[in-house]
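# Next one to model:
(one chain, ligands or ions: 2)
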Amino acid sequence: MLKRLFKLISTRNDTERQQPLIIPRDQHSVSRKLLSQAAIRVMKQLNQHGYEAYLVGGGVRDLLLGGHPKDFDVATNAKPEQVKSLFRSARIIGRRFRIVHVRFGREMIEVTTFRGHHEAARNEHGMVLRDNVYGNVHSDAVRRDFTVNALYYSLDGFAVHDYTGGLKDLQKRTLRMIGNPKERYEEDPVRMLRAARFAAKLGFNIEKNTAAPIKSMAPLLANIPPARLFEEILKLFLNGSATATFGLLREYGLYDQLFPDSGALIAAGDEKALAMAELCMSNTDKRIRAGKSITPAFIFAALLWPSQQALMAQNRGMPKGQAFAQAASDAVGHQLARISIPKRFLIPMREIWDLQHRLTLRGGGRAFKMLDHPRFRAAYDFLLLREDAGEDMDGLGNWWTQFQAADETEQQSMVKAIKGPTKKRNSRRPPRKKRSPE
Ligand code: ATP
Ligand code: MG
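Ligands and ions are numbered 1, 2, ... in the order given. This is a model prediction of the structure:
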C-alpha cells in the first residue's frame, strides 16, 4: 500500500505548495480503526458546525509509519472561542500559542486554529513571543516544524493532504525543516531539540540543511524559559529512545546547553560522568520497554551527580556532611538556571543522593531500617548505576543485592560481618518479606 502511495508522489521536492498533494483513502495507510474515537468526535462536531477540521502532527505521522500515536492533534479554522463553545469539556490554554484542550474521558485532544502568515511578535533574539494570527490550512502547514509533522488527514474523503513534501520525506525516513532552517530555529530554538527527539524516536536522518545550523545555533537555547525546557527534557528522555536522543544531543552541542556542568565534565574527558549519563539513558529505555515505572528524579540525580561530586571535592576543609550538602545545592542551583526542576522531583532526587551515604552505614539495625525506607529501591538502583559507571564502592552494591535476597539469619550474619564503626543498636527485627529484584 505504502509503495503504491509513494509512486504517486512527484519527484519535486519543495517544502511549500499552494495546492496539496491529496492521497485518497485507498492509497494511504491511515486506518480509521486506529484513530482515536475522541479525535473523530471532535472533528465531526467541528465539521457539523461548518468548520474545517484535520488530524495533523504526530498522530498522522505515526499512523502512516504503522506506529501507535501517543496523542492526537486537530487543526481547524474555528477560532479558540468557537471551538470552546462546541465542547463542554474544552479549555483554552497557552499564551504564546492559544490552543484548546478537549477532554473525553481519559483522552485529551489538542485543537489548534490554523496559523496565519504574518510578522509575529518577537524578542530581541528573533524568537517568536506570540503567534495568534489565524490563517488557512496552507499557512498552517508551512508554520509547522518538520515536513513529516505537517500531514493533514480529513474525515471528508478520508484523504491525507500534503503541502510540504512530508510523505516523500516519510518514505525516505528524513526529518526536514519546513522553510529556512536557520530562520525557523531563530523563531523557536526548541525546534533544535525537537529535531534530535524525532530523529532518535523515529530513527530518521536529519536532512543536511536542517542539521547544518544546529551546532552553531545551540546557544540560543539559553533564551528559552527554564520551565519550557523542563517539559522538553521529559519528552526527550521519557519516550523510550533516550539513548539515541542523548547521542544526538551531544553530537549537536545541545546537551551542553541543557546540562552545562555535566557537559563540561564530559567534554573534559570525565569517563565516569559520560558512563553515568549513558547508563542512565539505557536503563530508562529498558525500564520503559519492560513497562516499569520511571521518574525524572532518578534521571536528574544521575546527570547531576558527577557535578555534585566534583563540587564536593572543592569543599575541602568543611565537615563531610556539610561539604556534601553544599555541593548538592550548588550543583542543583547551577542546573536550575537552565531547567526548572519542580520540587516534586527535586526532593526525591536529593533523597536518592542523601541515601548514598546511608547505604554505607549498615551496622546495628541500620541495614534493616534502610530496607523499609520508601526511597530504598531508587537509592539502591542509583548505587548500582554508580558502580556500573566505574565508581569503586568496595562491593557495596553486591552486598545490598545479597542482603535483600538473604533470609533473616543470613542477614544478621551479614550485618555482623561488616567491619568498621557500628553503633550499638537493637538489631532484633521481626522477620520480613524478602524483596525480589524488580
Ligand atoms: P509527539 O508524538 O511527540 O506528540 P508531535 O509531532 O505530535 O509528536 P507535538 O509536540 O504534539 O508533536 O506537536 C504537534 C504538532 O504541532 C507537531 O507535529 C508540529 O506540526 C507542530 N509543532 C509543535 N511544536 C512546534 C514548534 N515548536 N514549531 C513548529 N511546529 C510545532
Ligand atoms: Mg503530538
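# residues contacting the nearest residue to residue 31 once chain neighbours are set aside?
In this structure, residue 31 finds its nearest non-sequential neighbour in residue 63, 7.0 Å apart by Cβ to Cβ, 6 or more residues apart in numbering. C-beta here means a position set from N, CA and C on the backbone, and glycine is covered the same way. Taking Cβ atoms under 8 Å, 6 or more residues apart in numbering, we find residue 63 in contact with 29-31, 34-35, 69, 153.
# doesn't residue 63 fall inside a strand?
No. Going by DSSP: H, G, I helix; E, B strand; the rest coil, the assignment for residue 63 is helix, not a strand.
# Read off the pLDDT value for residue 134.
On pLDDT, residue 134 comes in at 87.
# Could you check how many residues crowd around the residue in the stretch 1-150 of the chain that ligand 2 sits nearest to?
In the stretch 1-150 of the chain, no residue comes nearer to ligand 2 than residue 58, which is 3.7 Å away by Cβ to the ion. Residue 58: 18 surrounding residues under other Cβ atoms under 10 Å.
# now do residue 70
By other Cβ under 10 Å, the residues close to residue 70 number 10.
# can you check the one 4 residues further on too?
By other Cβ under 10 Å, 26 other residues sit near residue 74.
# Next, it: secondary structure please.
Under three-state DSSP, the three-state class of residue 74 is strand.
# likewise residue 361?
Recorded secondary structure, residue 361: coil (three-state DSSP).
# give the contact list for the residue of the stretch 1-150 of the chain closest to ligand 2.
Shown in contact with residue 58 (Cβ under 8 Å, 6+ apart): 69-71, 73, 149.
# on that earlier part again, what distance do you get for the residue nearest to residue 31 to residue 34?
For residue 63, the distance to residue 34 (Cβ to Cβ, to the nearest Å) stands at 6 Å.
# Near ligand 1, which residues of this protein are found?
By the rule Cβ under 6 Å from any ligand atom, the part of the chain lying against ligand 1 is 57-58, 70-71, 73, 144-145, 149-150, 188, 190-191.
# Right, and ligand 2 sits closest to which residue of the stretch 251-400 of the chain?
Counting by Cβ to the ion, the stretch 251-400 of the chain gets nearest ligand 2 through residue 288, at 17.6 Å.
# For ligand 1, what is the nearest residue in this structure?
Of the chain, the residue with the smallest distance to ligand 1, taken as Cβ to the nearest ligand atom, is residue 58 at 2.4 Å.
# sorry, back to before: would you mind giving the residues of the chain next to ligand 1 as a markdown table with distance to residue 377 added?
Shown next, in a markdown table, are the residues of the chain next to ligand 1 (distance: Cβ to Cβ, whole Å):
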| residue | distance to residue 377 |
| --- | --- |
| 57 | 37 |
| 58 | 33 |
| 70 | 27 |
| 71 | 30 |
| 73 | 37 |
| 144 | 42 |
| 145 | 39 |
| 149 | 38 |
| 150 | 43 |
| 188 | 39 |
| 190 | 34 |
| 191 | 37 |
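# Show me the two of those that sit farthest apart.
Across the residues of the chain next to ligand 1, no pair lies farther apart than 70 and 188, at 21.2 Å, counting by Cβ to Cβ.
# mind listing what's buried in stretch 168-187?
Within stretch 168-187, the residues that count as buried by 16 or more other Cβ atoms under 10 Å are 168-170, 172, 174-178, 181-182, 184-187.
# Quick one: end-to-end length of that stretch, please.
Criterion Cα to Cα, to the nearest Å; first-to-last residue distance in stretch 168-187 is 26 Å.
# Quick check: the residue of the stretch 251-400 of the chain closest to ligand 2 vs residue 299, distance?
12 Å.
# Low-confidence ranges, the stretch 201-350 of the chain, go.
In the prediction, the stretch 201-350 of the chain carries no residues with pLDDT under 70.
# For the residue of the chain closest to ligand 1, give me phi and psi.
In this entry, residue 58 is assigned phi and psi values of phi -60, psi -30 (degrees, to the nearest 10).
# what about the strands in the stretch 1-150 of the chain?
21-23, 53-56, 72-76, 90-93, 99-104, 107-113, 121-122, 128-130 (DSSP state E, counting those that start in this stretch).
# Just say which of those strands is most tucked in.
Ranked by mean neighbour count, these are led by strand 53-56 with a mean of 26 (mean count of other Cβ atoms under 10 Å).
# partners of that strand, with directions?
For strand 53-56, the pairing partners within the sheet under DSSP bridges are strand 72-76 (antiparallel), strand 151-154 (antiparallel).
# closest to residue 208 out of the ones you listed?
strand 151-154 (21.9 Å).
# Kindly format the C-alpha coordinates of the closest one as PDB.
The C-alpha trace of strand 151-154 is given here as PDB (Å, rounded to 0.1, in the frame of the first residue of the first chain):
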ATOM      1  CA  LEU A 151       0.400  16.000   7.000                       C
ATOM      2  CA  TYR A 152      -3.300  16.600   7.300                       C
ATOM      3  CA  TYR A 153      -6.000  13.900   7.500                       C
ATOM      4  CA  SER A 154      -9.600  14.900   6.800                       C
END
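# ok now that strand, how far from the chain's centre?
Remark: strand 151-154 is offset 25 Å from the chain centroid, using Cα atoms, centre = their mean, to the nearest Å.
# Quick one: check it for contact with ligand 2.
No. For strand 151-154, no contact with ligand 2 is found by Cβ under 5 Å from the ion; the gap never falls below 12.7 Å.
# Give me the next element, helix or strand, following that strand.
Per DSSP states H and E, the first helix or strand lying C-terminal to strand 151-154 is strand 160-162.
# Could you pull out the strands in the stretch 151-300 of the chain for me?
151-154, 160-162, 174-175, 205-206.
# In a markdown table, list the contacts of residue 63 along with neighbour count and pLDDT.
As requested, the contacts of residue 63 are arranged in a markdown table below (neighbours: other Cβ atoms under 10 Å; pLDDT from 0 to 100):
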| residue | neighbour count | pLDDT |
| --- | --- | --- |
| 29 | 14 | 82 |
| 30 | 19 | 82 |
| 31 | 11 | 79 |
| 34 | 14 | 84 |
| 35 | 20 | 89 |
| 69 | 19 | 89 |
| 153 | 26 | 96 |
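# can you tell me which of those are in helices?
Residues of those located in helices (DSSP state H): none.
# What distance do you get for the residue minimising distance to the centre of the chain to residue 376?
What sits nearest the mean C-alpha location of the chain, by Cα atoms, centre = their mean, is residue 235, with 1.8 Å. Relative to residue 376, residue 235 is positioned 29 Å away (Cβ to Cβ).
# same question, residue 145
Taking Cβ to Cβ, one finds residue 145 at 43 Å from residue 376.
# Which one of these two is surrounded by more residues?
Neighbours per residue (other Cβ under 10 Å) separate residue 145 from residue 376, with residue 145 holding more: 23 against 18.
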